[in-house]
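> Sequence first, then the predicted structure:
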Amino acid sequence: MESFRTEIENPIVQKDIIDLERKIALFRDGKIDDERFRSLRLARGVYGQRQEGVQMIRIKLPFGKVTSEQLHRISKVSDEYSRGRLHITTRQDIQIHFVSLDRTPELWAELEKDDITLREACGNTVRNITASETAGIDVDEPFDVSPYAHAMFQFLLRNPVCQEMGRKFKMSFSSSDKDTALSYLHDLGFIPRIVNGERGFKIMLGGGLGSQPHHAELLSEFVPANQIIPTTEGILRVFDRHGERSKRLKARMKFLIKDLGVEAFLKLVEEEKKALSCKTFEIDTTAFDGPIPDPLLVAPKVEIDDLEAFEAWKKSNVIQQKQAGYVAIGIKVLVGDFYTDKARLLADLIKNYGANELRFSLRQDILIRNIKEDNLVFFYQELKKLDFVALGYNSTADITACPGTDTCNLGIASSTGIATELERVLAAEYPQYANNQEIVIKISGCMNACGQHNMAHIGFQGMSINSGKLVAPGLQVLLGGGNLGNGQGRFADKVIKIPSRRGPAALRSILDDFEANANEKSFLDYYDAQGEKYFFDLLTPLAETSNLTDEDFIDWGNADNYVKAIGVGECAGVVIDLVATLIFEAKEKIIFASEALNDKKWSDAIYLAYAGFVNGAKALLLSENQKTNHHAGIIDLFDTVFIETNKIELKSTFKDLVYQINQNEPSEEFATKYIQEATDFFEAIEAYRAKELANG
């Protein structure tokens, strides 16, 4: 390990990495508890994933900017420490999965050789600062916001005011009033302004998605550019001091502002002025102001084989820059996943024939910038060799999706599987939407909205559906959300729940009805004119669960029957208490019970379900400060505390429900019934637990 330490030039970075290495050793030796270690590794981009024994590594890339050298470095790390797959996130990060915890310090050290950090990519910190991928080339922008996003990133990295907050904090910089970086759903969102010749920003405060989306409040129509960092520091100080820390569901900035009120919150920010590290902060933009560098090599002249295909691609995927004679090229990346073999070739392409820069987008795509128009034919031919010329960049056919049940602990249903199928449907049946940039489709695997489903025109949220016998993967269909520009947006309505396998049919119904009845209205005007009830009725036939087929119990992208399995999420770097840990362990028992059932081990399946019942009950009793020292006591006390008081409703007493275990012979029929009842029990106690946490 010593060799990688000595190769790190920056002593602060070296200390960070050595600290991670030491804490891993202490954790392995049992000298540091999991709770403390989790907080440390999350703040260093090391995130536990669904699969046991491996980590997801999130690479923090401010406003998505990447050079050829950095992309080569990321590819090398992915090949050496992972499986060669790169995943672009909706925060313009790159994630790599299936990494051994013990190798994360040297992985980080390798990345730092090209100025790439993991620091504060996860955890209760300021997450990656995002920006419009067109910043600096946008024909509508008043000025390039890139240097301001970069300065904010540098100022806050390792800053003590934002290392261990109650929850994560998200920021964005939009390039123009179109607000393509979605300021209204961020804790802080910046939109550029020039007032009387002075650069500054309109600032939106306290937005957020998740299970309770909240539209950001207007902080100010104009804050001078040299005040945005002091303003941000003051806000972070107040959030760090007054934000909720115990109840995860109430810990985001939006709840603090709701509790205090905007005026009271800003009064607290004002009171912090004296303590700020700077009263003004002048931001140097010179590194971003120079001319576009010429390519290293002269692009060879090539002939187009299929002129029609080239023109279709040009119309769909090429953006005219504000710089005369230059264009940007959009690459649509299916669910944000691409591989290191292509990444290396792309890195060489932008290094030799471009301006050595690309940016990852909020919609999980790639934008190659500053390409001479004269070289466009050459780039088309080269990108075609990489299969990077799929039509529909930034269009309806360009669906955003979080990783869902592929790797995320919180995933309830597959996001990437249904996204892949919906993109196939759009390409095959609705090719006209490859150039439609009005309708946005987004998918999340759970209510936490990493796929931003609840701000989309058409959104899908993964969930489970109880058919009465088994649990099927499901989708909540949401309609009517969208970005309105200039800091304004709207959140989608939850219209109806359907089995996940019927997602394509739902999309067909919505688009067919839109084309038949919109009468040239925009999608949002069409939705408002028809009303939520209209779409509920339209999709109701797809919600029927009495006619499910075997296929409905297999999620997209999977071969086996669906099992609802939610782990402990880490996307907020939360403190995991004993109750949450016990619930997680109890739910694992239900998963294991289902596996035993599939293996025809009836007795094992029944007993594992019993263990799930008891451990789940124990967890909820602990949340009420009730303790017992044996299973019988837990079963009796659960009835006393929760059933007899009507806090939780079951079809029988808990005692009668659980003690079926010693009143039935082990059989497939009883095992199936008992596991289903255990699953239903968990839905009841989780609903109760969520309500209690929300109510404080």
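That came through, no problem. Residues are numbered from 1 along each chain as shown.

> With just CA atoms, put stretch 655-667 into PDB.
Provided in PDB are the C-alpha atoms of stretch 655-667 (Å, rounded to 0.1, in the frame of the first residue of the first chain):
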ATOM      1  CA  LYS A 655     -50.300 -14.100  18.300                       C
ATOM      2  CA  ASP A 656     -52.800 -16.100  16.100                       C
ATOM      3  CA  LEU A 657     -51.000 -15.000  13.000                       C
ATOM      4  CA  VAL A 658     -47.500 -16.100  14.100                       C
ATOM      5  CA  TYR A 659     -48.500 -19.200  16.000                       C
ATOM      6  CA  GLN A 660     -49.900 -20.800  12.800                       C
ATOM      7  CA  ILE A 661     -46.400 -22.200  12.700                       C
ATOM      8  CA  ASN A 662     -47.200 -24.900  15.300                       C
ATOM      9  CA  GLN A 663     -50.700 -25.500  14.100                       C
ATOM     10  CA  ASN A 664     -49.900 -26.600  10.500                       C
ATOM     11  CA  GLU A 665     -48.000 -29.400   8.800                       C
ATOM     12  CA  PRO A 666     -45.100 -28.100   6.700                       C
ATOM     13  CA  SER A 667     -46.500 -28.000   3.100                       C
END
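
> just how off-centre is that stretch within its chain?
Distance of stretch 655-667 from the chain centroid (C-alpha atoms, centre = their mean, to the nearest Å) equals 42 Å.

> any idea of the mean pLDDT in it?
Mean pLDDT, computed over stretch 655-667, is 87.

> nearest residue to the residue nearest to the spatial centre of the chain other than its sequence neighbours?
By C-alpha atoms, centre = their mean, the chain has its centre lying nearest to residue 450, at 2.5 Å. For residue 450, ignoring the flanking residues on the chain, the nearest one in space by C-beta to C-beta, 6 or more residues apart in numbering is residue 402 at 3.8 Å. Glycine gets a C-beta too; all of them are placed from N, C-alpha and C.

> Quick one: residues contacting that neighbour.
By C-beta atoms under 8 Å, 6 or more residues apart in numbering, the residues touching residue 402 are 90, 408, 411, 415, 443-445, 450-451.

> and what of residue 524?
By C-beta under 8 Å, 6+ apart, the contact list for residue 524 reads 457, 480, 482, 490.

> would JSON lines of those residues with pLDDT, neighbour count and distance to residue 502 be doable?
Below are the contacts of residue 524 laid out as JSON lines (pLDDT from 0 to 100; neighbours: other C-beta atoms under 10 Å; distance: C-beta to C-beta, whole Å):
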{"residue": "457", "pLDDT": "98", "neighbour count": "25", "distance to residue 502": "19"}
{"residue": "480", "pLDDT": "98", "neighbour count": "22", "distance to residue 502": "20"}
{"residue": "482", "pLDDT": "97", "neighbour count": "21", "distance to residue 502": "24"}
{"residue": "490", "pLDDT": "97", "neighbour count": "17", "distance to residue 502": "26"}
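
> And residue 193, how close does it get to residue 177?
Distance of residue 193 to residue 177, given as C-beta to C-beta, to the nearest Å: 9 Å.

> So for these two, which sits in the more crowded spot?
Shown here are residue 193 and residue 177; by other C-beta atoms under 10 Å, residue 193 has more neighbours (20 against 16).

> Return the set of buried residues in the helix or strand hosting that one.
When secondary structure is defined by DSSP states H and E, residue 193 falls within strand 188-195. Buried residues in strand 188-195, defined by neighbour count with 16 or more other C-beta atoms under 10 Å: 188-193.

> Closest one of the residues you listed to residue 422?
Using C-beta to C-beta, residue 189 comes nearest to residue 422 of the buried residues of strand 188-195, at 28.5 Å.

> Would you confirm that that closest one contacts residue 487?
Yes. Taking contacts as C-beta atoms under 8 Å, residue 189 lies within contact range of residue 487: 6.8 Å.

> Quick check: neighbours shared by these two?
Listed as contacting both residue 189 and residue 487 by C-beta under 8 Å, 6+ apart are 179, 183, 204, 216.

> Now for the closest residue to residue 433 other than its chain neighbours, how many residues are close by?
In space, and not counting its chain neighbours, residue 433 is closest to residue 396: 3.9 Å by C-beta to C-beta, 6+ apart. By the criterion of other C-beta under 10 Å, residue 396 has 22 neighbours.

> One more: residue 279?
Residue 279 has 10 neighbours, counted by other C-beta under 10 Å.

> And the helices in the stretch 1-150 of the chain, which stretches?
2-6, 11-28, 34-42, 68-81, 104-112, 146-156 (DSSP state H, counting those that start in this stretch).

> my bad, the stretch 301-450 of the chain
For the stretch 301-450 of the chain, helices defined by DSSP H, counting those that start in this stretch occupy the ranges 307-317, 340-353, 376-385, 415-429.
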